[in-house]
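Engineer: this one's sequence-less:
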């Protein structure tokens, strides 16, 4: 076998070797026939030196490769330590957004952000990621009873946070709801109103044993009989609006306790003299102004007294149910009617249109400054009159 193998032409022709044969191996097979066919006294030593040389070449190549990889690893490690974003073509925010799009958490109770892309009489189709759509049923679109999702302002292009409440096994789509978020906001709003000790004007929606039921920020509140000013004929109050204050809140047990007596006592303490600031609730809007309920009294906020800036559309500024502050201009004792102004409370002209909260926050201070100006004007007029009398 050996002479035949060593004498084979393929061993002398390197081009006939398969491509996967290493260079060192090729060299060995080329040199062995030459040594075999040309024997010498040192033939054994030559073969031994060739094998050693081949092994040394192979080891040197591996050493160089290891050294090259080691240097590359060292450079990469240093770059990660000093500038990890070097060469990265996207930002961390873009990376997180991509994770949100492709790794959507679909557990019940998870809050997701989506965009409505279609509506019908049964609900709305919502896109919650680049590869996932969901459905918002009509009954889950709003905490109030509505006939169509459009009644809640839900139209194609509407963007909002939703809560996952289930999954449709037929089409594998998520089922969403807005009600948990709205209820959470309503409880938060009630806690704020309680902390502000605000007087609310709420509609009585029914009665139950021991009291009345009222609607506060979309939540059902209970007015114990002991907290109702009018003890007789409670059924006549159903459907009407009463001033109320929040006594107790417990979101976990859905407890909302209200008082009509405390609200009435505070209303009666309000100063109704001209120049005083009162709190009321907008009952309705008319072309000539807003009708406001103040301590059970009817007050008019005329359109000319809303702002120093021109007001053409009252509904763009106020709406029924809004709680406002106004300065008393006049009180008609015979008719129990008030005339109010928010214009006199504006720190700057037009604030009632653009920054209502600022107007209400500084209402008492602006009323004080207004009365001070009146006093100064009266004193100046009196001084002028006395000087004329002397002349």
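Structural biologist: Perfect, thanks for sending it. The model shown is predicted, which means the values in this text are computed figures rather than measured ones.
Engineer: From here on, just use CA atoms for contacts and neighbour counts.
Structural biologist: OK.
Engineer: residues contacting the residue minimising distance to the centre of the chain?
Structural biologist: What sits nearest the mean C-alpha location of the chain, by C-alpha atoms, centre = their mean, is residue 161, with 6.8 Å. Residues counted as contacts of residue 161 (C-alpha atoms under 8 Å, 6 or more residues apart in numbering) are 111-114, 178, 181.
Engineer: Could you do residue 116 as well?
Structural biologist: So residue 116 contacts 124-127, 154-159 (C-alpha under 8 Å, 6+ apart).
Engineer: mind listing what residue 244 touches?
Structural biologist: By C-alpha under 8 Å, 6+ apart, the neighbours of residue 244 are 199-202, 258-264.
Engineer: again, 10 Å this time
Structural biologist: Contacts for residue 244 (C-alpha atoms under 10 Å, 6 or more residues apart in numbering) come out as 198-203, 214, 216, 223, 227-228, 257-264.
Engineer: Could you check how far residue 111 is from residue 137?
Structural biologist: From residue 111 across to residue 137, the span is 16 Å (C-alpha to C-alpha, to the nearest Å).
Engineer: next one: residue 241
Structural biologist: 32 Å.
Engineer: and if you look at residue 362?
Structural biologist: The value you get for residue 362 to residue 137, if C-alpha to C-alpha is used, is 43 Å.
Engineer: Just want to know which of those two has more residues nearby.
Structural biologist: Remark: of residue 362 and residue 137, residue 137 carries more neighbours, 20 against 13, as counted by other C-alpha atoms under 10 Å.
Engineer: Can you pull the domain assignment for the protein?
Structural biologist: 2-63, 98-177, 195-265, 271-374 (automatic domain parsing).
Engineer: wait, which of those is closest to residue 78?
Structural biologist: domain 2-63 (22.6 Å; C-alpha to C-alpha).
Engineer: so for that closest one, what's the average pLDDT?
Structural biologist: The pLDDT scores in domain 2-63 average 50.
Engineer: ok, the nearest residue to residue 177 once chain neighbours are set aside - how many residues close by?
Structural biologist: Once flanking residues are discounted, residue 177 sits nearest to residue 140: 4.8 Å by C-alpha to C-alpha, 6 or more residues apart in numbering. As a burial measure, residue 140 scores 21 neighbours (other C-alpha under 10 Å).
Engineer: residues contacting residue 140?
Structural biologist: Counting by C-alpha under 10 Å, 6+ apart, residue 140 has contacts 123, 146, 149, 162-163, 165, 175-180.
Engineer: follow-up on the earlier one: so how far is the one helix or strand the residue nearest to the centre of the chain maps to off the chain centroid?
Structural biologist: Here residue 161, judged by DSSP states H and E, is contained in strand 159-168. Between the centre of strand 159-168 and the centre of its chain there are 14 Å (C-alpha atoms, centre = their mean, to the nearest Å).
Engineer: Likewise for stretch 169-181?
Structural biologist: With C-alpha atoms, centre = their mean as the basis, the mean position of stretch 169-181 lies at 19 Å from the chain mean.
Engineer: so who does residue 282 touch?
Structural biologist: With C-alpha under 10 Å, 6+ apart, residue 282 has these contacts: 201, 290-294, 299-301, 318-324.
Engineer: ah, wrong one, I meant residue 172
Structural biologist: 132-134.
Engineer: Residue 371: which of the residues you listed is nearest?
Structural biologist: Among those, and counting by C-alpha to C-alpha, the member closest to residue 371 is residue 134, at 58.6 Å.
Engineer: now the helices: where do they sit in the chain?
Structural biologist: 2-6, 9-12, 23-37, 43-82, 92-102, 179-195, 260-268, 351-354, 356-361, 363-390 (DSSP state H).
Engineer: related to what we said a few turns ago, so which two of the contacts of residue 161 are the farthest from each other?
Structural biologist: 114 and 181 (13.9 Å).
Engineer: Compare those two (neighbour count), which wins?
Structural biologist: residue 114 (21 against 15).
Engineer: Excluding chain neighbours, what is closest to that one?
Structural biologist: residue 128 (4.2 Å).
Engineer: so that neighbour sits right up against residue 158, yeah?
Structural biologist: No. Applying C-alpha atoms under 10 Å as the test, residue 128 and residue 158 come out as separate, 12.0 Å apart.
Engineer: In terms of neighbours, single out the busier of these two.
Structural biologist: residue 128 (24 against 13).
Engineer: pLDDT value on the more buried one, please?
Structural biologist: pLDDT at residue 128 comes out at 87.
Engineer: Likewise for residue 267?
Structural biologist: 59.
Engineer: Does residue 367 touch residue 277 like I think?
Structural biologist: Yes. Between residue 367 and residue 277 a contact is recorded at 7.0 Å, counting by C-alpha under 10 Å.
Engineer: what is in contact with the two at once?
Structural biologist: Joint contacts of residue 367 and residue 277 (C-alpha under 10 Å, 6+ apart) are 326-328, 342, 345.
Engineer: buried stuff in stretch 301-313?
Structural biologist: Neighbour counts over stretch 301-313 (16 or more other C-alpha atoms under 10 Å) mark 301-308, 311 as buried.
Engineer: Those: which two are farthest apart?
Structural biologist: 301 and 308 (13.5 Å).
Engineer: circling back: any chance of JSON lines for the domains of the chain, columns distance to residue 185?
Structural biologist: What follows is the domains of the chain, written out as JSON lines (distance: least, C-alpha to C-alpha, whole Å):
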{"stretch": "domain 2-63", "distance to residue 185": "68"}
{"stretch": "domain 98-177", "distance to residue 185": "11"}
{"stretch": "domain 195-265", "distance to residue 185": "9"}
{"stretch": "domain 271-374", "distance to residue 185": "17"}
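Engineer: Can you verify my assumption that residue 124 contacts residue 157?
Structural biologist: No. Between residue 124 and residue 157 there is no contact under C-alpha under 10 Å: 11.1 Å.
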